[in-house]
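Novice: sequence and predicted structure, then a few things I'm wondering about:
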Amino acid sequence: MSNTFANGIQIEYETFGKPSSPALLLIVGLGGQMLSWDEELCQKWAQNGLYVIRFDNRDMGLTTKFDEAGIPDIEAVVKAVKNGEKANVPYTMEDMANDVVGLMDALKIDQAHICGISMGGMIAQTMAFSHPSRVRSMTQIYSTTGNPDLPQPKPEIMELLLTPQPPGRAGYIDYQMKLYKTIHGRGFPFDEAWHLQLAGRNYDRGYYPHGKARQFAAVIAQGNRKPFLASITAPALVIHGADDPSLLEFFHNQPCSFGHRRAAGSLSN
């Protein structure tokens with residue numbers, strides 16, 4: 001793994017494949033580290049002719065932490081957004097999108113395929129309408145648009161997301177396994193061994209719950225991205241499961257709207 005200074009922070013990243021190949025940049029979700037992008041999968045994409053880059057978002061893993069910012073008041077952020085006011089947050093989703101652009105600059109990548117999961121998808125959306133010339137295509141995996149008119153996640157999901165992660169390795173792993181199992185669908189068997197290994201590796205590499213809280217505040221503060229999505233003209237693919245208890249309602253049976261491009265799913269709402 002390597003690191004580079006970009007957009008004012010130190011970003012930890014790893015690459016697979018030849019730099020001369022088309023770039024695929026992978027953006028992880030809330031509280032996740034680059035390890036969530038399975039190494040074997042990254043290697044397979046590289047073998048199929050892509051230059052694959054996975055990295056730690058700000059405030060997570062081995063990328064710069066924002067300790068001095070403290071823990072955000074999530075209730076105050078929610079209230080500000082509902083009242084149409086500017087929320088007081090340590091950083092924004094626009095900052096996180098600029099991190100991605102900065103990493104591309106450091107790696108001398110003019111344009112890339114951008115793939116994001118959950119919060120990573122939100123960062124990808126922001127990047128696609130803020131820096132359209134840098135996006136070759138955009139793939140969304142179980143993400144959403146921030147539209148407040150859409151149904152909210154199921155209560156058990158919100159409870160888990162808002163519950164502080166317990167201290168200690170065993171407590172963290174128990175928490176993560178509960179979260180993984182809660183959001184797991186019925187279509188495929190749950191790979192307990194793989195998820196246990198991932199949780200353990202994440203804890204050992206960079207346990208840092210405060211970063212997750214600040215990332216969550218940035219997600220809430222950005223609000224509704226729907227008005228900006230029609231300006232995205234990059235080819236877009238939306239991948240979403242039918243059993244997702246947190247974001248299913250955001251995508252189910254909604255029409256598509258990405259400029260004049262057709263996506264496999266919906267980001268019109």
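Specialist: Yep, it's here.

Novice: for the residue lying closest to His131 once chain neighbours are set aside, list the residues it contacts.
Specialist: The shortest distance from His131 to any residue other than its chain neighbours is 5.3 Å, reached at Val101 (C-beta to C-beta, 6 or more residues apart in numbering). C-beta: built from backbone N, CA, C; applies to glycine. Contacts for Val101 (C-beta atoms under 8 Å, 6 or more residues apart in numbering) come out as Asn7, Met127, His131, Arg134.

Novice: and the helix or strand hosting Val101, how far from the chain's centre?
Specialist: Using DSSP states H and E, Val101 falls within helix 93-106. Taking C-alpha atoms, centre = their mean, to the nearest Å, one finds the center of helix 93-106 at 13 Å from the center of the full chain.

Novice: need the helix or strand of the protein with the lowest average pLDDT.
Specialist: Across the helices and strands of the chain, mean pLDDT, DSSP states H and E gives its lowest value to helix 248-251, namely a mean of 37.

Novice: number of nearby residues for Gly8?
Specialist: By other C-beta atoms under 10 Å, the residues close to Gly8 number 11.

Novice: on that earlier part again, immediately after the helix holding Val101, which helix or strand?
Specialist: Counting by DSSP H and E, the next helix or strand C-terminal to helix 93-106 is strand 112-117.

Novice: check which residues of the next helix or strand after that following strand are buried.
Specialist: Using DSSP H and E, the next helix or strand after strand 112-117 towards the C-terminus is helix 119-130. Buried residues in helix 119-130, defined by neighbour count with 16 or more other C-beta atoms under 10 Å: Met119, Gly120, Gly121, Met122, Ile123, Ala124, Gln125, Thr126, Met127, Ala128, Phe129, Ser130.

Novice: report the angle between helix 119-130 and helix 93-106.
Specialist: In terms of direction (axes from the mean of the first three to the mean of the last three C-alpha atoms, to 10 degrees), helix 119-130 departs from helix 93-106 by 80 degrees.

Novice: so whatever helix or strand comes next after helix 119-130 versus helix 119-130, what angle?
Specialist: The helix or strand immediately downstream of helix 119-130 is strand 135-141, counting by DSSP H and E. Counting by the same axes, to 10 degrees, strand 135-141 points 150 degrees away from the direction of helix 119-130.

Novice: give the rounded mean pLDDT of strand 135-141.
Specialist: Mean pLDDT, computed over strand 135-141, is 96.

Novice: ok, it: who's next to it in the sheet?
Specialist: Here strand 135-141 is paired, per DSSP bridges, with strand 112-117 (parallel), strand 236-239 (parallel).

Novice: on that earlier part again, export the buried residues of helix 119-130 to TSV and tack on pLDDT?
Specialist: Shown next, in TSV, are those (pLDDT from 0 to 100):
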residue	pLDDT
Met119	95
Gly120	97
Gly121	96
Met122	96
Ile123	98
Ala124	97
Gln125	97
Thr126	97
Met127	97
Ala128	97
Phe129	96
Ser130	96
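
Novice: could the residues you listed be laid out in CSV, adding distance to Lys65?
Specialist: Below are the buried residues of helix 119-130 laid out as CSV (distance: C-beta to C-beta, whole Å):
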residue, distance to Lys65
Met119, 17
Gly120, 19
Gly121, 23
Met122, 21
Ile123, 18
Ala124, 23
Gln125, 25
Thr126, 21
Met127, 22
Ala128, 27
Phe129, 28
Ser130, 24
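
Novice: low-confidence stretches in this protein?
Specialist: By pLDDT under 70, the low-scoring segments of the chain are 151-152, 243-269.

Novice: just checking, Thr145 touches Gly223?
Specialist: No - with contacts counted by C-beta atoms under 8 Å, Thr145 stays clear of Gly223, the gap being 10.1 Å.

Novice: more neighbours: these two, which one.
Specialist: Neighbour totals were compared for Thr145 and Gly223, and Thr145 leads with 23 against 17 (other C-beta under 10 Å).
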